[in-house]
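Participant: Compute the structure for the input listed below.
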Amino acid sequence: MMWSAAGAAALALAVALGAFGAHGLRGKLDAYAMGIYEKAVFYHFVHALGLLAVPVMARLGAIRPGQAAAVCALLLAGIAIFSGSLYLLAVTGARWLGAITPLGGVSFIAAWVVLAYALARS
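Facilitator: Just a heads-up that it's a prediction; the model follows:
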């Protein structure tokens, strides 16, 4: 249940940050920075939806609760690291944040690989 709540909260945050980007940052960011920001919102949304879907798989018995927890932890870490670093990069222009972003991408990939393995083994 906790992961479902985290997913719902992450989706609410994605909507808020998306709206902020569309309205609050319009005209303040160049096209490159806005593209980075939009990429952060997109990945945030997709993976927050995963935070909602994975616990349902556990409730239906498709994967074990511990496996679901591992996948969800990786998804949440990916949102924080990948999307978070891109949000900050777009707004601050601090290019060094781009070095952190791939760690979040690895977290996303690991989450989906763990899920695929858990589903294949069930």
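Participant: quick one: contacts for the spatially most central residue of the chain?
Facilitator: In the chain, the residue lying closest to the centroid (C-alpha atoms, centre = their mean) is residue 79, at 2.9 Å. By C-beta atoms under 8 Å, 6 or more residues apart in numbering, the contact set of residue 79 is 10, 43-44, 47-48, 104. C-betas here are computed from N, CA, C, even on glycine.
Participant: Mind telling me what element the residue nearest to residue 67 when sequence neighbours are not counted is part of?
Facilitator: Nearest residue to residue 67, sequence neighbours excluded (C-beta to C-beta, 6 or more residues apart in numbering): residue 118, at 4.0 Å. Using DSSP states H and E, residue 118 sits within helix 101-121.
Participant: quick check: mean pLDDT across that helix?
Facilitator: Averaging pLDDT along helix 101-121 yields 98.
Participant: Can you give the contact residues for that helix?
Facilitator: Here helix 101-121 makes contact (C-beta under 8 Å, 6+ apart) with 43, 47, 50, 54, 57, 62-64, 67-68, 70-72, 74-75, 77-86, 89.
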